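Peer 1: Make a model of this:
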Amino acid sequence: MTRRAVGRFRAYRLEAGMDLVGDWLIDITYGRIGTKGRCIRYALLNEAQAKKLVCETLRRRATARKRIGVHHSFCQLIDPYQWFLLALE
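Peer 2: Next up, the predicted model:
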């Protein structure tokens, strides 16, 4: 563990889905492990906007090692819409 990584054990969760009226909801929950953390919810009008937000968020997560000195790894990936492959492009 590098000096920069000390105290930076974090959890990060991204969820995407539709609500009952057809709007897309993106929930991003993050924070230090063992704390309540923070949650941000985005309400988007269509799938294209939701997909763009998910892809941008996953791309930013990929740069965590350079930005904060901690590598992110996936513990679980459930991707029924197969957006994860788009984020890697």
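
Peer 1: Geometric centre of the chain: which residue is closest?
Peer 2: Leu14 (3.9 Å; CA atoms, centre = their mean).

Peer 1: Which of the three states applies to it?
Peer 2: Of the three states, Leu14 takes strand according to DSSP: H, G, I helix; E, B strand; the rest coil.

Peer 1: and if you look at the one 3 residues further on?
Peer 2: What three-state DSSP gives for Gly17 is strand.

Peer 1: That one contacts Asp23, correct?
Peer 2: No: counting by CB atoms under 8 Å, Gly17 stays clear of Asp23, with 10.1 Å between them. Where C-beta positions appear, they are placed from N, C-alpha and C, glycine not excepted.

Peer 1: Which strands or helices does the longest helix anywhere in the chain pack on?
Peer 2: Ranked by residue count, the top helix of the chain under DSSP state H comes out as helix 47-62. Judged by 3 or more CB pairs under 8 Å, 6 or more residues apart in numbering; DSSP states H and E, helix 47-62 is in contact with strand 10-18, strand 24-32, strand 38-44, helix 84-88.

Peer 1: ok now the third one, how far from the chain's centre?
Peer 2: I take that to be strand 38-44. Chain-centre distance of strand 38-44: 11 Å, with CA atoms, centre = their mean, to the nearest Å.

Peer 1: Tabulate the CA atom coordinates of it in PDB.
Peer 2: Output of strand 38-44 as PDB, limited to C-alpha atoms (Å, rounded to 0.1, in the frame of the first residue of the first chain):
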ATOM      1  CA  ARG A  38     -23.000   9.600   0.200                       C
ATOM      2  CA  CYS A  39     -25.600   9.000  -2.400                       C
ATOM      3  CA  ILE A  40     -26.200  11.100  -5.500                       C
ATOM      4  CA  ARG A  41     -29.300  10.400  -7.600                       C
ATOM      5  CA  TYR A  42     -29.700  11.500 -11.200                       C
ATOM      6  CA  ALA A  43     -33.100  11.500 -12.900                       C
ATOM      7  CA  LEU A  44     -32.800  11.400 -16.700                       C
END
